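Undergrad: just coords:
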């Protein structure tokens, strides 16, 4: 297939008149070494930013439940302050993280009395250990 150069030039001129000269300009005409370096630097920064965001939202599967990795604390407490029991039960993790007690002490001291707990009330540790 042969191209008619006059027809191509006329088409290019019509597009330029309607949409402006930037529509028919060769993209390489405004590109130089400085713009290339700036583009590569911005691309590198974007890739670093995206990779750090991927790690931030990584999730871990705990018994079929996906939990964001940032919520998992490796320095979790395992000993309840009120009953002095060590617990490795995953159900207690919620109570340890929110109330610093095991599930048993949550039911005994906090359940249905959360307002009192939030206001600062705590059981007497000496009498509750019996």
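TA: All right, it came through fine. Only a predicted model underlies this, so the values are computations on that prediction, with no experimental measurement involved.
Undergrad: Please state the mean pLDDT value computed over the longest helix anywhere in the chain.
TA: In the chain, assigned by DSSP state H, the helix with the most residues is helix 33-56. Helix 33-56 shows a mean pLDDT of 85.
Undergrad: Touching the helix or strand encompassing residue 15 from outside, list them.
TA: Here residue 15 sits within helix 5-19, counting by DSSP states H and E. Outside helix 5-19, the residues within contact range by Cβ atoms under 8 Å, 6 or more residues apart in numbering are 23-24. C-beta here means a position set from N, CA and C on the backbone, and glycine is covered the same way.
Undergrad: any idea how far that helix is from the chain center?
TA: 49 Å (Cα atoms, centre = their mean, to the nearest Å).
Undergrad: what's the answer for stretch 25-40, then?
TA: 34 Å.
Undergrad: Where does the record place the domain boundaries for this structure?
TA: 5-56, 73-128 (automatic domain parsing).
Undergrad: Deepest in the core, which of those domains is it.
TA: Burial of the domains of the chain is given as mean neighbour count (mean count of other Cβ atoms under 10 Å); domain 73-128 ranks first at a mean of 14.
Undergrad: tell me the mean pLDDT over it?
TA: On average, domain 73-128 scores 78.
Undergrad: helix or strand right after the longest helix of the chain?
TA: Counting by DSSP H and E, what follows helix 33-56 is strand 59-62.
Undergrad: The helix or strand just after that next one pairs with which strands, and in what direction?
TA: Counting by DSSP H and E, the next helix or strand C-terminal to strand 59-62 is strand 65-68. When pairs are called by DSSP bridges, strand 65-68 turns out to pair with strand 59-62 (antiparallel).
Undergrad: Any chance you could list what contacts the partner strand?
TA: By Cβ under 8 Å, 6+ apart, strand 59-62 touches 66-69, 72, 90.
Undergrad: What is the nearest of those residues to residue 122?
TA: residue 90 (24.9 Å; Cβ to Cβ).
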